[in-house]
Structure formats: C-alpha cells, structure tokens
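Okay, here's the prediction I keep looking at, along with the sequence it came from:
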Amino acid sequence: MSLSRLRILLAGDIFAFPHGTGSTARVLAIARGLQAAGADVLVLHTGYSGDTADATLNSRSSGLFEGVPFLYAAGTSRRPDTFLQRRLARVKGLTGVAMPFAPWAGKPPDAVLLFTGHTFVLPVLARLASGARRAVMLFDGCEQPFVYEQDSSARRLEERLYTPVAYRLYDGIFVISEHLERYFASRVRRGARTLLVPILVDVERFAVGVPRSPDRPRYIAYTGELSASKGVHDLVSAFAALATDFPDVTLRLSGSPNPTSYRDRLLALIRQLGIGPRVEFLGTVPYQDFPRLLREAAALVVPHPRGTFSEAAFPTKLGEYLASGTPAVATRVGEIERYVHDRRDIYLTPPDDPDALAASLSHVLRHPEEAAQVGLRGRETARACFDYRVHGARLLDFIGDLRRHHDTWPRHVGDAP
C-alpha cells in the first residue's frame, strides 16, 4: 500500500473530543498533520467525555471536526446515568478498536495510535486486533507514567507490574521530550522504535486576527488543567503580588480542576489573598473562542513547578501561547529552553518562585512594546518548531517505515529491550 493512503486510527480514553485541553489539542494536531501528509485518519474515543465541562460541549457521538472524522465507539459522548449503563458503554467503547470502520468502507486500519493511561485492557485489545490484521501499533508518550499519583507502595507495585509488559506491546512510541525518549527506549521490546514529536499546534489558527487594542481590558491568562501539579497556586500568588501595582489587570483561568476538590483549595487561597473580584474562572473555552482568549491577553503563563512531570512533559499550551503572538511567561523546567530563549521569544523565570513570576509578569505589563516584539518572535518560533504541517510527513514516514518492517504479533512480546 502507498504511504499516502495509510489508514491510521487514533484511539484512546484520556482526551475529550473535539473540545478539551492539552491532550485533545495533541490528538487533533497529530491527526491533521497525518492528513496533511496524505493519510486517512479517524479519531476513536473509547469512553465518554465524563462529568467535566467538556461533556457539555462534546454533544455529538460522531462527525467531522476541522476536517477530522471522529467517533465515540460507545455510541454516546455523554456519561450514562446508571452504573450498569456506564459499564456497558465502557465495554462497547473498548471493543471498538477491534471493529472495521465505515469511513474506510469497512476496512481495518493499517496503524493504531493509542492515547491512554496505565491500563492493560485497551492496549491488549488493540494489540490483539492489530496483530490479527498486521497493523502496527503505536503509543503517544507525552507524559511520564505514574508521576501524577501520590507515591505509595500500591503505586510502586502497579508500576513494577505494568511497565515490563505494557510498553512491549507497541511497535513504536511518539515521545514529546528527550527525557521521555530515554524513558521509553529502555522499556520497549527489541525492534520497537521511538520518535521525538514535540508539541504540535496549528499556528495559522492562532495567528489570525487584529492586534490587541490598547483600550481593551488587560488580563493575564492561564489555560489547561487547574491543579497544584501545574503550578496554578504559584500563579495566583504571583498575581496577588502584582495586583496592587496594576489595578486594571485581571487573571483569567481556563480549564477544569483536577481533582475537582482543587477548586475549593484555590478559592480559599484567592479569598485569603483578597483578590476574589479580579480572578475569573472561565471553564472550558469553546474551540472557536479559544484563539481570541489568547490573542487579546496582555500575557500568557506556564507556571509549572519542578518535578518529574515537568522534566518529562512539554506543555501543549506553550505552543499555543507562542502561536498567538501574545508575550508568554514560563518557568524554566523540562526542555523548554531547547526551543526558546529568555527575552528573545519568551520570558523565562525560576520555578516554584511566585515573587520571580510576579516580577516577570510586571515587566511584561510595564514594557508593552518590548513584550509585543517578544510575542511576535515567539510566533515565528512556533511556526518553525511546532506547526503540525512541519511534522506531518515525519509522523507518516515513521509509521510507514514501521509497517514495512513489521513482524507479526505475538512473536516478540517476551523479547528483552
């Protein structure tokens, strides 16, 4: 089969679709990159959107979004009402990876790319289905597994049981950082390969629009998961430190709390700091409104703290921030400095230091002309390094090469890495 007509199924349960945050953006960007390179794609959700704000926006169980076909294999994108209905929906959704798909005239996929957490069920079902059809199976490794759970003997046991088996099910793994490239390379089976795929973004989507008017209300924006592991507490504290000097500036937080109880902790901190009227919770911003939120901000923030999760991951929001042309402030964690440089195309600040973060944000607010130039250079960095059009052919070539050299499952499952 010609590489240009490969059928690639993007399946998983850790993203909402088509509306969501970082994981949703990555699924969509990879799908569009593969399409741009000439592949046929289908996004298959094996669960449902759940109880989050995403569920309200994701009301369709199938359709076309930004040219990408998608399907909820359970037949619904909404969380069923009863326990039994939810279990049946999960089973139906999981078995969807083994079914032929109407968009391809009932033909099976040539490759399956999974977006999932540390569960055995979906990878095993996908591996069995892929092996029967000689399809290659891939995993998107954009975060280091197990680092978000609280350390415990149960978590360590789960990791010891999971990692020696699960990652040997895959023929290839996309990784988002060199840290993860090393992590997965030591855990995959012999013959499996990894490909470094950084954050991906549709630069043109965020670059469209008129420059921000000086007369518009000024605000600092954060988008993504609201959690302590993302540094949102530090951002709120930093905003409180600069709030008196900039009485016209507000803080807008877009995203859902994780866990849901984190919202109460965050509200308690906001009340304690006396900045309640100047902090806005936006929830999940609809896809069509999201670029405007970024473009019209005075500054955008990635406040990630130190930690394995920060060293391993690479925030999707950073690519979106840069693409918008709005000046971005980020903490020096992970591999951010591999792509951007302080005061050239971004403002960088030490992690876990709200005062330093406040100082960087104050500088941006006090020097709008300089900051605007930094923002414009950030857009060019995003265009050169992160646009999905730049990486689509690399993704497709990698998958095509795996398919050409693919050995039938399950002969290599027990091989040492």
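On my side now, so go ahead.

And the lowest mean pLDDT element among the helices and strands of this protein?
helix 53-57 (a mean of 63; mean pLDDT, DSSP states H and E).

list the helices and strands the next helix or strand after it packs on?
Once helix 53-57 ends, the next helix or strand along the chain (criterion: DSSP states H and E) is strand 62-65. On a contact count with 3 or more CB pairs under 8 Å, 6 or more residues apart in numbering; DSSP states H and E, strand 62-65 meets strand 68-72. Every C-beta, even on glycine, is put in place using the N, C-alpha and C of the backbone.

what does the strand it packs on contact?
Strand 68-72 is contacted from outside by 17-18, 28, 31-32, 35, 41-45, 47-48, 61-64, 93, 96, 101, 103, using CB atoms under 8 Å, 6 or more residues apart in numbering.

Only the buried residues of stretch 360-371, if you could.
Ser360, Leu361, Ser362, His363, Val364, Leu365, Pro368, Ala371 (16 or more other CB atoms under 10 Å).

again, but for stretch 377-396
For stretch 377-396, a neighbour-count test (16+ other CB under 10 Å) marks 377-379, 381-383, 385-392, 395-396 as buried.

One more: stretch 183-193?
The neighbour-count check on stretch 183-193 (16+ other CB under 10 Å) flags Tyr183, Phe184, Arg187, Val188, Arg189, Ala192, Arg193 as buried.

what distance separates it from the middle of the whole chain?
How far stretch 183-193 lies from its chain's middle: 22 Å, per CA atoms, centre = their mean, to the nearest Å.

Just the terminal-to-terminal distance for that stretch.
For stretch 183-193, the first and last residues are 12 Å from each other (CA to CA, to the nearest Å).

the helices in the stretch 301-417 of the chain, which residues?
308-312, 316-324, 354-366, 368-385, 388-404 (DSSP state H, counting those that start in this stretch).

out of the ones you listed, nearest to Arg168?
Checking these against Arg168 by CB to CB gives helix 388-404 as the closest, at 14.9 Å.

Could I get the contacting residues of the residue nearest to Gly117 when sequence neighbours are not counted?
Excluding the flanking residues, the one nearest Gly117 by CB to CB, 6 or more residues apart in numbering is Ile14, at 5.5 Å. Shown in contact with Ile14 (CB under 8 Å, 6+ apart): Ser23, Phe115, Thr116, Gly117.

Now intersect the residues you listed with the strands, please.
Among the contacts of Ile14, the residues falling in strands (DSSP state E) are Phe115.

What about the residue lying closest to Pro145 once chain neighbours are set aside, how many residues nearby?
Nearest residue to Pro145 in three dimensions, chain neighbours excluded: His118, at 5.1 Å (CB to CB, 6+ apart). Number of residues near His118 (other CB atoms under 10 Å) recorded here: 15.

For His118, give me phi and psi.
Per-residue torsions, His118: phi -90, psi 80 (degrees, to the nearest 10).

ok, it touching Val165?
No: the criterion here is CB atoms under 8 Å, and His118 misses it with Val165 at 10.9 Å.

any idea how the protein splits into domains?
Split into domains by automatic domain parsing, the chain comes to 3-200+388-404, 203-385.

Which of those has the lowest mean pLDDT?
With a mean of 85, domain 3-200+388-404 has the lowest mean pLDDT of those.

got the contact list for Pro259?
The contact partners of Pro259, taken as CB under 8 Å, 6+ apart, are Ser227.

Which residue ranges of this structure form strands?
7-12, 40-45, 62-65, 68-72, 111-115, 136-141, 172-175, 193-196, 218-223, 249-254, 279-283, 299-302, 328-331, 347-349.

which one of those lies closest to Asp202?
When the strands of the chain are compared by CB to CB, strand 68-72 sits nearest Asp202, at 11.5 Å.

For the closest one, which strands pair with it and how are they oriented?
strand 40-45 (parallel), strand 62-65 (antiparallel) (DSSP bridges).

With just CA atoms, put it into CSV.
C-alpha atoms of strand 68-72 as CSV (Å, rounded to 0.1, in the frame of the first residue of the first chain):
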residue,chain,number,x,y,z
VAL,A,68,-11.0,15.2,11.0
PRO,A,69,-13.7,12.4,11.3
PHE,A,70,-14.3,11.2,14.9
LEU,A,71,-16.5,8.6,16.6
TYR,A,72,-17.4,7.7,20.2
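
now the angle between strand 7-12 and it, please.
50 degrees (axes from the mean of the first three to the mean of the last three CA atoms, to 10 degrees).
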